[in-house]
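A.B. asks: mind looking at a prediction? Sequence and model below.
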Amino acid sequence: MKIGLCGTLSVGKTTLVHALKQLEQFKDHETATERSKYLRDQGISLNTDSTLKGQLVFAAERSIELMKENIITDRTIYDVCAFTLSAKSIGWTEKCYFTNILMTLRDDYDIIIYVSPDGVEIEDNGVRTTDVKYREQIDLTIQNMLDEYPPKKLIKVSGSTEERIATILSQLN
């Protein structure tokens, strides 16, 4: 099963992936998590403006993940598209082509889990931005994309990690 967590920055996606991996039903799943420091060190912009080349790298990572049999990842094509659509340095035509191409992969995910930012403070990890307005913009863009390009199965979670896991497990049963 391919499970992708999507959501704006600093909402606990990586924490949730690690928590899910501890559960018996996900023990055979590979996980893909935080790559920000590595990518930043490669010169790829991670914050409020990215380039088309940078977003292509992110898209390639998501494509590689979708080639796996069983995976839980803390980033999806929805996240990549939201950051692309929010980038000032990428033209509108490129944004549209890019999004339309990536969205053809959405059915490769068995489950998309949208992680809400409600009640979650931004954590400054020294890599990502702490700009609240940008975080809200990305969140709104992801939510709009989930409406416009609905996944096969969508689970929306909020609250503590334990509450999120309970919601996921109840939705899967």
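C.D. replies: Right, received. Where do you want to start?
A.B. asks: where are the low-confidence patches of this protein?
C.D. replies: Where the chain drops to pLDDT under 70, the residues are 34-48, 125-129.
A.B. asks: again, only using 90
C.D. replies: 9-10, 33-51, 53-55, 57-58, 61, 119-132, 134, 173 (pLDDT under 90).
A.B. asks: show me the strands in this protein, by range?
C.D. replies: Taking DSSP state E, the strands of the chain run over residues 2-6, 30-32, 71-73, 111-115, 154-157.
A.B. asks: what pairs with the third one, parallel or antiparallel?
C.D. replies: So that's strand 71-73. strand 2-6 (parallel), strand 30-32 (parallel) (DSSP bridges).
A.B. asks: who wins for proximity to residue 74 among those strands?
C.D. replies: Within these, the stretch nearest residue 74 is strand 2-6; the backing value is 5.1 Å (C-beta to C-beta). Just so you know, the C-beta spots here come from the backbone N, C-alpha and C atoms, and that holds for glycine as well.
A.B. asks: tell me the angle of the closest one relative to strand 111-115?
C.D. replies: Between strand 2-6 and strand 111-115, the angle comes out at 20 degrees (axes from the mean of the first three to the mean of the last three C-alpha atoms, to 10 degrees).
A.B. asks: residues in contact with strand 2-6?
C.D. replies: 13, 16-17, 20, 26, 29, 65-66, 68, 70-79, 108-115, 142, 146 (C-beta atoms under 8 Å, 6 or more residues apart in numbering).
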